[in-house]
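Trainee: need coordinates for the below:
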Amino acid sequence: MTDSSRVDLYRNLVSSTLSSPVDEMVIATAEIELLEAIAETLHTLEDHPRRLRLLTNRETVKDADNDFIISSRLSQYIEDGMLSLRVNRERHPSSVFVTSDEVTYIHPTTEDEGILLSSADGDVVIAVREKYISQWKDGRRFQLSKPSYARMLESIGDDLGESMEQSVQSVFESAGLAHRGESQMDEVDIYLLVGAQNNQQFYDICNWGEDMGIASRAKFSKHKRALEDAGLIDTEKVATDIGRPRQRLVLANDSLTSLSPVEVIQAAQSVL
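Mentor: Now for the predicted structure:
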C-alpha cells in the first residue's frame, strides 16, 4: 500500500526532476511511492529523459508489481524503450537521480515534505554516476507481470468493445482515483463494475482477463460474489444455443445507472 501524501510529494518533485530531455538518467530508490509517481507522471511530460535506468530492490518492485496501474504503466515504458528496470539488494536510503552532468537527491523529511539536493560538481557527478552504473550492471532484470497499459486498452476494445475501452480508460486515468491503496478495490473490481455498467457477459470478461494475465477465472468469480454481496452488481441469465445460460452483469442499484464510470467506482469505493 502506498502513502498518498508521500506520492503527492514525489509527484511534484518527479515532474521537475524528469522534465529534462537528457539522453539518459539513472534513478535508484527503495520507495514504492516514487515508483508510483514515475508511473503516473512520465507519460504526461512534454520533455523527459530519452532513457531511464531504474534501480530498486526486490521488495519494492514486487509491491509495485502488485499494483495494476503502477505495473502496467512501467510495463508500457519498458515496451516503448523509455525505461529499463533492474533490482539489487541495496537499501537506497535516499532516492537518487543521476545524469551525465548532475546528481539530485530526494529525501523525505515528513509525509508531505522533503529535501531536494542537487550538485553539478564534476567530481561529485562522476563518482556518484560510477557508483550507480556499477550497481546497475550488477543488478538483475525483473519481469513485471502486468500487461502494458496501451496493450490492455487495445485488447479490451477489440474483445469487449469501444464503450468498455473508453469506460476503463476514464476510470484508470481519473485523478480522483489515483491512490488505490486507500480502498479495498483492485483492477478486477473495476473491470466487473465497468462491465456491469456496459452490460457485459461475465464469461467474456473472465476469458479476456485470463487471456491477458489480469487474473484467474476463480479470482473474477470471487470478486463478483463480493460485489453482489455488497449490493453493487447483479446478473441476468442470457440464453445460449448450446450449453448452460450465461450471466450478463448489470448494476444492482438504480441510483448507479445514471452515473459516469468514474462516479460508479467512487460510489463503490464508499461501500467497500
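Trainee: and the residue nearest the centre of the protein?
Mentor: residue 69 (1.6 Å; C-alpha atoms, centre = their mean).
Trainee: just checking, what packs against whichever strand or helix holds that one?
Mentor: Assessed by DSSP states H and E, residue 69 sits inside helix 68-79. Where contact means 3 or more C-beta pairs under 8 Å, 6 or more residues apart in numbering; DSSP states H and E, helix 68-79 is packed against helix 32-41, helix 58-65, strand 83-88, helix 149-160. Backbone N, C-alpha and C define where each C-beta goes, glycine included.
Trainee: so what touches the helix or strand that comes right after the third one?
Mentor: Downstream of strand 83-88, the next assigned helix or strand under DSSP H and E is strand 95-98. Strand 95-98 is contacted by residues 10, 17-18, 25-31, 34, 103-107, 125, 128-129, 132 when judged by C-beta atoms under 8 Å, 6 or more residues apart in numbering.
Trainee: what's the neighbour count on the closest residue to residue 113 other than its chain neighbours?
Mentor: Spatial nearest neighbour of residue 113, excluding adjacent residues (C-beta to C-beta, 6 or more residues apart in numbering): residue 9 at 6.9 Å. A count of nearby residues for residue 9, using other C-beta atoms under 10 Å, gives 22.
Trainee: does residue 9 touch residue 115 like I think?
Mentor: No - here residue 9 lies out of contact with residue 115, judged by C-beta atoms under 8 Å, at a distance of 10.7 Å.
Trainee: mean confidence score for the biggest helix by length in the chain?
Mentor: Longest helix in the chain by number of residues (criterion: DSSP state H): helix 122-138. Across helix 122-138, the average pLDDT comes to 95.
Trainee: I'd like the next helix or strand past that helix.
Mentor: Sequence-wise, the next helix or strand downstream of helix 122-138 (DSSP H and E) is strand 140-141.
Trainee: tell me what that following strand is packed against?
Mentor: Using 3+ C-beta pairs under 8 Å, 6+ apart: strand 140-141 touches strand 83-88.
Trainee: in its sheet, which strands sit next to the strand it packs on, and in what direction?
Mentor: Paired neighbours of strand 83-88 in the sheet (DSSP bridges): strand 52-57 (parallel), strand 140-141 (antiparallel).
Trainee: report the backbone C-alpha coordinates of it in PDB.
Mentor: Provided in PDB are the C-alpha atoms of strand 83-88 (Å, rounded to 0.1, in the frame of the first residue of the first chain):
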ATOM      1  CA  LEU A  83      12.700   2.500 -19.300                       C
ATOM      2  CA  SER A  84      14.900  -0.300 -18.200                       C
ATOM      3  CA  LEU A  85      14.400  -2.000 -14.800                       C
ATOM      4  CA  ARG A  86      16.800  -3.800 -12.600                       C
ATOM      5  CA  VAL A  87      16.900  -4.900  -8.900                       C
ATOM      6  CA  ASN A  88      19.600  -5.300  -6.400                       C
END
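Trainee: got the angle for it vs helix 58-65?
Mentor: Orientation check (axes from the mean of the first three to the mean of the last three C-alpha atoms, to 10 degrees): strand 83-88 against helix 58-65 gives 140 degrees.
Trainee: what does strand 83-88 rub up against?
Mentor: Contacts with strand 83-88, where a contact means C-beta under 8 Å, 6+ apart, come from 42, 51-58, 61, 74, 77-78, 135-136, 138-142, 144.
Trainee: same question, stretch 130-142
Mentor: So stretch 130-142 is contacted by 26, 28, 53, 55, 58, 61, 65, 85-88, 90, 96, 98 (C-beta under 8 Å, 6+ apart).
Trainee: what are the buried residues along it?
Mentor: For stretch 130-142, the buried set under the neighbour-count rule, 16 or more other C-beta atoms under 10 Å, comprises 132, 135, 136, 139, 142.
Trainee: which residues touch the closest residue to residue 83 other than its chain neighbours?
Mentor: Once flanking residues are discounted, residue 83 sits nearest to residue 77: 3.8 Å by C-beta to C-beta, 6+ apart. Taking C-beta under 8 Å, 6+ apart, we find residue 77 in contact with 39, 42, 43, 52, 83.
Trainee: can you give me the helices in the stretch 101-250 of the chain?
Mentor: Using DSSP state H, counting those that start in this stretch, the helices of the stretch 101-250 of the chain run over residues 122-138, 149-160, 162-172, 187-197, 202-211, 217-229.
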